[in-house]
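*Asks:* just need the structure, nothing else, for what follows:
(2 chains)
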Protein chains: 2
Amino acid sequence: MATSEFDLIKRYFTHRGRHTVLGVGDDAALVKVRRGHDLLISADMLVAGRHFFRDADPRMLGHKALAVNISDMAAMGATPRWATLGIALPAADTRWVQAFSRGFMALARRFDVDLIGGDTTRGPLNICVQIMGEAPHGLALCRDGARAGDDIWVSGTLGDAALGLAALKRRITLKPAERAHCAARLHTPTPRVALGLAIRQIAHSAIDISDGLLADLGHILERSNVAAEIELSELPTSNVLKRYLDRVVACGALLAGGDDYELCFTAPRSARARIERAGRSTRTRLTCIGAVKTYRKGEPRLIVRAPDGAALRVVRGGYDHFR
Amino acid sequence: MATSEFDLIKRYFTHRGRHTVLGVGDDAALVKVRRGHDLLISADMLVAGRHFFRDADPRMLGHKALAVNISDMAAMGATPRWATLGIALPAADTRWVQAFSRGFMALARRFDVDLIGGDTTRGPLNICVQIMGEAPHGLALCRDGARAGDDIWVSGTLGDAALGLAALKRRITLKPAERAHCAARLHTPTPRVALGLAIRQIAHSAIDISDGLLADLGHILERSNVAAEIELSELPTSNVLKRYLDRVVACGALLAGGDDYELCFTAPRSARARIERAGRSTRTRLTCIGAVKTYRKGEPRLIVRAPDGAALRVVRGGYDHFR
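*Replies:* You can find the predicted model right below:
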């Protein structure tokens, strides 16, 4: 396949942005980080057949490839600014690339992110996105600041994306409207950038829920060296997921399904009103799901309390009853 | 393959550096760009079977994957500072990864580059490196500043890497010592960072020679909208390449082979002494190979003058005689 075909493809990704002095085409891109700000960087590599179906709709894939990275910025309370895109394609499929770039660039414009560089090459389908953002010195949110006594919050609702994936894998049957609802959550998530910015001077720690609530909250707990107890009945769910909560598949989706791209964060109890104001001002549903506790060696880091009062201890790969 | 196997692999790339506030393991890395400096970013994606042999030595591959990106920084006159690495591996081959990370991290240490993030996943072998560097405001070198009357310079010698590749492909037979010399140029190039820094306030434009002298000098000429004439007899070659210059394969390697990772730059004639001083202070051989000329529409952008005085006009994909 001639190099010129890939040159044609590069033009779908050529985009001169507002924050960029030089764009795609030079040895390197040149950008100016705002005075008084730190630079945040995150990268993700997505492989066909592992992170997405080989026949995934390219436009939605373009959206999601960027969205999951912008979500990393949201979880740091950073403003996403620049991205680079490395992509390997099995063939110079112009229609596929055009659709992919539409999804990618539409989200980029929506979040004012400039695509400033990258690489396009031939090979098994592989998408590597790097996102860069800014946060004022010292204000970036991390995973290690949670303190005993903090409230634990999540944004939006959890579980729909994983429920949609379970439906695609025929592990559950949903009605058409339900399938469509869940598919939108799965394929075209919305990163919570405004919320991240609104809570960054209030929250003690934050993470975006990509692997699943238990896994990602677990990261905060381990990095902060604290424990937590959350209430199963408090976890925010959509009307779709509610209908299936008696099913193991749906419970698993809620607690451990992943692909939610909501923020999970901890904040002092005294900041409840400010957090609720942040939710209103960013028009984001926020739910307090539990509390951070002191970690005691030998005891479980994370307990999920069921409505009947029973405690589910979370262990790697699953959970079992405790006490 | 269990996720935990890839967790093990991640540890080969965990490295807390001097320029980094947070490293691998958080949602994002946080770095501080120096006051008064711009941020330069470049990314490359390398696919097995296309950019490197599938059975390439992993240690040398680790070196080269980073070297080609640091070279992009050198061509901008930037100081390389941070890198991210996205890598897809077909299997959790610990030995392979250990060797790869050795090569990668050794070069990173040598150039004081911190590996601050990335991703490790399962899939067909694919290596995506992003490099970030700094240059004082306004001092970064670009491709578009060449002016008529400038001298054209190249560092080091050209053609050995491509000659080595030709030998591997059995298009030419080299003696063992010659093969070893060329293999070192091909597999473990040294980016010209110190030179880039030394010339950045003198040169008008620069590029690193990755695709080949004619192609890369051509980029400068097009972006700067100028023309050039270079002398074939002036092109710096090693003693190895000199011996084979009567062979088409060797000429091709010299002019268009690529993988040299030397710098090609233009500078005013009045700056010759300063350029030569930069070469001495960085212990880099520098050779003036020609001059930039005014571009006249309809005339060739780049002419290579042969020793007999004949002019080879460079056209896409090759060159033919002109006049």
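*Asks:* how close does the residue most central in space within chain A sit to chain B?
*Replies:* In chain A, the centroid-proximal residue (CA atoms, centre = their mean) is residue A:261; its distance is 3.2 Å. Plainly put, residue A:261 is 12 Å away from chain B if you go by CB to the nearest CB, to the nearest Å. All C-beta spots, glycine's among them, are computed from the backbone N, C-alpha and C.
*Asks:* let's see the pLDDT reported for that residue.
*Replies:* For residue A:261, the pLDDT comes out at 97.
*Asks:* how about it: what's its closest non-neighbour residue?
*Replies:* In space, and not counting its chain neighbours, residue A:261 is closest to residue A:189: 3.9 Å by CB to CB, 6 or more residues apart in numbering or on different chains.
*Asks:* all helices of the stretch 1-150 of chain A, in order?
*Replies:* Assigned helices in the stretch 1-150 of chain A, in chain order: A:3-10, A:58-75, A:94-110 (criterion: DSSP state H, counting those that start in this stretch).
*Asks:* picking up where we left off before, and the residue nearest to residue A:261, how far from residue A:183?
*Replies:* The gap separating residue A:189 from residue A:183 is 11 Å, by CB to CB, to the nearest Å.
*Asks:* hang on, the residue nearest to residue A:261 packs against residue A:161?
*Replies:* Yes - under the criterion of CB atoms under 8 Å, residue A:189 makes contact with residue A:161 at 6.8 Å.
*Asks:* quickly list what's touching both of those two.
*Replies:* A:259, A:260, A:261 (CB atoms under 8 Å, 6 or more residues apart in numbering or on different chains).
*Asks:* shaky segments in chain A?
*Replies:* Scanning chain A for pLDDT under 70 picks out A:1-10, A:14-27, A:314-323.
*Asks:* run through the residues that contact residue A:42.
*Replies:* A:69, A:72, A:73, A:130, A:131, B:27, B:28, B:29, B:117.
*Asks:* what about the nearest residue to residue A:68 once chain neighbours are set aside, how many residues nearby?
*Replies:* Using CB to CB, 6+ apart and skipping residues adjacent in sequence, the residue nearest residue A:68 is residue A:44, 5.9 Å away. Close neighbours of residue A:44, defined as other CB atoms under 10 Å in any protein chain shown, add up to 23.
*Asks:* one more: the one 10 residues further on?
*Replies:* Neighbouring residues of residue A:54 were enumerated by other CB under 10 Å; the total is 10.
*Asks:* quick one: it and residue A:125 touch, right?
*Replies:* Yes - counting by CB under 8 Å, residue A:54 touches residue A:125, with 7.1 Å between them.
*Asks:* between the two, which contacts overlap?
*Replies:* residue A:48.
*Asks:* helix, strand or coil: sort out residue A:173 for me.
*Replies:* Put simply, residue A:173 is coil when judged by DSSP: H, G, I helix; E, B strand; the rest coil.
*Asks:* surely it meets residue A:163?
*Replies:* No - using CB under 8 Å, residue A:173 is not in contact with residue A:163; the gap is 11.2 Å.
*Asks:* who has more neighbours, these two?
*Replies:* Legend: neighbour count by other CB under 10 Å for residue A:173 and residue A:163, higher for residue A:163 (32 against 10).
*Asks:* was I right about the more buried one contacting residue A:172?
*Replies:* Yes - counting by CB under 8 Å, a contact exists between residue A:163 and residue A:172, whose distance comes to 6.9 Å.
*Asks:* what do those two both touch?
*Replies:* With CB under 8 Å, 6+ apart, residue A:163 and residue A:172 have common neighbours A:244, A:249, A:250.
*Asks:* by neighbours, which of these wins?
*Replies:* residue A:250 (23 neighbours).
*Asks:* now do the contacts for it.
*Replies:* Residue A:250 neighbours (CB under 8 Å, 6+ apart): A:159, A:163, A:172, A:241, A:244.
*Asks:* nearest residue to the last one in space, please, no chain neighbours.
*Replies:* By the measure of CB to CB, 6+ apart, the closest residue to residue A:244 outside its immediate chain neighbours is residue A:250, 3.9 Å from it.
*Asks:* list the buried ones in the helix or strand hosting the one you found?
*Replies:* Assigned by DSSP states H and E, residue A:250 falls within helix A:248-256. The neighbour-count check on helix A:248-256 (16 or more other CB atoms under 10 Å in any protein chain shown) flags A:249, A:250, A:251, A:252, A:253, A:254, A:255, A:256 as buried.
*Asks:* does the last one really touch residue A:216, like I thought?
*Replies:* I take that to be residue A:256. No - counting by CB under 8 Å, residue A:256 stays clear of residue A:216, with 9.8 Å between them.
*Asks:* tell me the contacts of the closest residue to residue A:133 other than its chain neighbours?
*Replies:* Among residues not flanking residue A:133 along the chain, residue A:78 sits closest, at 3.6 Å (CB to CB, 6+ apart). Residue A:78 makes contact with A:40, A:133, A:134, A:135, A:140, A:196, B:28 under the criterion CB under 8 Å, 6+ apart.
*Asks:* picking up where we left off before, looking at the buried residues of helix A:248-256, which is nearest residue A:211?
*Replies:* Of all these, residue A:211 sits closest to residue A:256, with 8.0 Å by CB to CB.
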